[in-house]
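Q: okay, here's the prediction I keep looking at, along with the sequence it came from:
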Amino acid sequence: MKVGVLIPYRGTSMDKSRLRKSITNKIVDELLYQMTQQVITTSTTLSEEFNTYLLTKNDSVKFDGNFTILKDQGEMLNDSIELAINSLKEDIILIVMADLPLVRKEDLERIVNLHKTGMEVIIAPSSDNGTSLLCFNSKKPFNFVFGNNSAVEYQKIFTEKGIKFKLLKHEKYYCDIDRFKDLREIKGFDFIPNWLKKIVDAVV
């Protein structure tokens, strides 16, 4: 079965508004670019079973890797994701947020394997109960609720609909960067990419 990896990337000056209150726009923009490139690089090193898609409003993004750009056609993120997924042909969809600089190839493979072995949906939560990754069948019987406390909302939806799901334990590999305190926490991790270490050392 083919897997479509969908990476939503808006890349606007409105992104990471909480982080922009603590560090300069230039550094936030660099962080956004590097995080997204890291996720794309990780996804495109997966086997031929996986196809990588970048969902964006910007047709001129300059990321490296073997991926396909999907035009972001929605006003809100959930609408955009819904429209994009309706255009995909893959059997399994894995949504990976663009701000996960520590996510590894083996994390993505493990989540997809959990789906293949019986779990209808797998949720990887962020530290603040958002959703970092979501894996499901392309013919999913639910609506998207990405946003604040979405991991909690998804659990309610899946329980009500009788959908078999697994909520993964929050790990540093699913850590997103939304606030200055996220950078402080990452500074203490054993391993972070060199580009991220330079940014963290410069601002924390």
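A: In hand now; what should we look at?

Q: all strands for the protein, in order.
A: Along the chain, counting by DSSP state E, strands occupy 3-8, 50-56, 68-71, 92-96, 121-125, 131-137, 165-167.

Q: show me what the fourth one is in contact with.
A: In this structure, residues lying in contact with strand 92-96 by C-beta atoms under 8 Å, 6 or more residues apart in numbering are 1-8, 39, 43, 81, 85, 103, 108, 111-112, 115-116, 131-138, 140. Placement of C-beta: from N, CA and C, glycine included.

Q: where exactly do the helices run in this protein?
A: 17-20, 25-44, 77-86, 105-116, 150-161, 180-187, 194-203 (DSSP state H).

Q: average pLDDT across stretch 74-83?
A: Here stretch 74-83 scores 93 as its mean pLDDT.

Q: just the C-alphas of that stretch, formatted as CSV.
A: C-alpha atoms of stretch 74-83 as CSV (Å, rounded to 0.1, in the frame of the first residue of the first chain):
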residue,chain,number,x,y,z
GLY,A,74,-8.5,26.7,2.0
GLU,A,75,-8.9,29.7,4.3
MET,A,76,-8.4,27.6,7.4
LEU,A,77,-5.8,24.9,7.9
ASN,A,78,-8.4,22.1,8.4
ASP,A,79,-10.2,23.0,5.2
SER,A,80,-6.9,23.1,3.3
ILE,A,81,-5.9,19.6,4.5
GLU,A,82,-9.3,18.2,3.6
LEU,A,83,-9.1,19.6,0.1
